[in-house]
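K.L.:
would you be able to build a 3D model of this:
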Amino acid sequence: MGSTQDVLQKLESVLSNINAPILDILQPGIDRNLIDNLISELDLSFKMEVYELYAWRNGTMDTKRKIIGAMTLFTNGIFYSLEQSIDVYKYNALENAHWNRNYFPLFSSGGGDYLLMDLGKGKFEGAIFLYSPALLYSSTPLTIYDSLEMLLLSVLECYQQKAYDFIDGILETDIDMEFSICKKNNPHSKYWEDS
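P.N.:
Prediction:
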């Protein structure tokens with residue numbers, strides 16, 4: 001298994017090869033000093049893979065006029081800029097306690113669901129959780145990816161196996177194939193057991 005940076009480079013190559021329109025709205029990456037400056041007031045420590053994610057791309061541009069499917073990199077995968085994620089974190093973890101302070105939002109469904117990375121030092125350190133207020137388990141988010149690297153490897157494989165493709169600028173998903181790939185790559189995540 002390579003580094004998160006290697007997986008991101010492969011993902012960029014696959015997206016480029018299929019002329020994925022999402023590439024047109026992904027912003028350039030930002031450096032570690034800027035990332036540290038932006039999170040300095042939050043009392044959080046990012047793992048190296050999060051730095052690598054934001055060094056690759058700093059989420060999507062302001063996309064208020066785009067439909068959700070045109071902004072989605074993968075299922076529940078609208079990639080917010082670090083600045084947007086910080087605003088979401090402050091509102092949900094600090095101001096309203098919708099989720100644990102160790103959970104940082106990396107991706108969103110665009111409809112209120114978030115993929116949260118556990119930045120704590122406990123049992124689920126580095127795991128990705130699905131927070132979905134519309135679902136019964138919303139008070140206890142479920143692990144959906146074993147780590148950010150496994151999330152990205154799953155997304156890469158979904159593109160390589162054609163479980164994800166853009167049709168008329170909108171992400172289309174082969175749900176059965178996505179499930180199979182994600183379950184295989186994330187054996188410790190409860191979401192794929194229960195779905």
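K.L.:
the helix or strand in which W192 is found: how far from the chain's middle?
P.N.:
Using DSSP states H and E, W192 sits in helix 190-194. Centroid separation for helix 190-194 versus its chain: 17 Å, with CA atoms, centre = their mean, to the nearest Å.
K.L.:
quick one: low-confidence parts of this structure?
P.N.:
In the predicted model, the chain carries pLDDT under 70 at residues 1-2, 63-65, 135-140, 194-195.
K.L.:
now with 80?
P.N.:
Across the chain, residues meeting the criterion (pLDDT under 80) sit at 1-2, 62-69, 134-141, 194-195.
K.L.:
show me the contacts for the most centrally placed residue in the chain.
P.N.:
Nearest residue to the geometric centre of the chain (CA atoms, centre = their mean): F107, 3.8 Å. Each residue near F107 by CB atoms under 8 Å, 6 or more residues apart in numbering is listed here: L73, F74, N76, G77, I78, F79, Y80, Y114, L115. Quick note: C-beta positions are derived from backbone N, CA and C, even for glycine.
K.L.:
for V14, same thing?
P.N.:
By CB under 8 Å, 6+ apart, the contact list for V14 reads L156, Y159, Q160.
K.L.:
and for D43?
P.N.:
Under the criterion of CB under 8 Å, 6+ apart, D43 has no contact partners.
K.L.:
swap in K183?
P.N.:
Residues in contact with K183 (CB under 8 Å, 6+ apart) are W192, E193.
K.L.:
at 7 Å instead, please
P.N.:
W192 (CB atoms under 7 Å, 6 or more residues apart in numbering).
K.L.:
how far away is it from E49?
P.N.:
Here the criterion is CB to CB, to the nearest Å. By it, K183 lies 21 Å from E49.
K.L.:
how about V88: what's its closest non-neighbour residue?
P.N.:
Among residues not flanking V88 along the chain, P105 sits closest, at 4.8 Å (CB to CB, 6 or more residues apart in numbering).
K.L.:
ok, that neighbour to D165 distance?
P.N.:
Applying CB to CB, the value for P105 to D165 is 26 Å.
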